[in-house]
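What follows is a protein structure lacking sequence information:
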């Protein structure tokens, strides 16, 4: 799969899981990289999680709640 290929397919929602399998000649690592790049391009890199199941598929889902971002640390007095 080329980096410029645009695929229109199922939409990932908070209560759904996508099960993906690598194309012939692709590795699981290549599929993970593609998922990570797609999440970055969509501006959701901290919301998309994935893991391998026992059937050799890559399951992709959205984090239940967004990752909490921290503000600047407060200075210690003293």
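Yes, it's here. Computed from a predicted structure; not experimentally measured.

how much space between residue 46 and residue 36?
The spacing between residue 46 and residue 36, counted by Cβ to Cβ, to the nearest Å, is 11 Å. Every C-beta, even on glycine, is put in place using the N, C-alpha and C of the backbone.

ok, now residue 65?
Residue 65 is 20 Å from residue 36, where distance means Cβ to Cβ.

again, but for residue 25
If you go by Cβ to Cβ, the gap between residue 25 and residue 36 works out to 20 Å.

Mind checking which of the two has more residues around it?
The neighbour comparison of residue 25 against residue 36 (other Cβ atoms under 10 Å) goes to residue 36, with 13 against 7.

In this structure the more buried one contacts residue 45, no?
Yes - assessed by Cβ atoms under 8 Å, residue 36 is found in contact with residue 45 at 7.2 Å.

Can you show me the strands along this structure?
Under the criterion DSSP state E, the chain contains strands at 18-20, 48-52, 58-62.

residues in contact with the residue nearest to the spatial centre of the chain?
Centroid-nearest residue in the chain: residue 48, 3.5 Å away (criterion: Cα atoms, centre = their mean). Residue 48 makes contacts with 12, 35-36, 39, 60-63, as judged by Cβ atoms under 8 Å, 6 or more residues apart in numbering.

May I have the residues that are in contact with residue 57?
19-21.

okay, and for this structure, where does confidence drop off?
1-14, 66-68, 78 (pLDDT under 70).

and with 80 instead?
By pLDDT under 80, the weakly predicted segments of the chain are 1-15, 64-71, 77-78.

Tell me, how many residues neighbour residue 34?
Neighbour tally, residue 34, other Cβ under 10 Å: 18.
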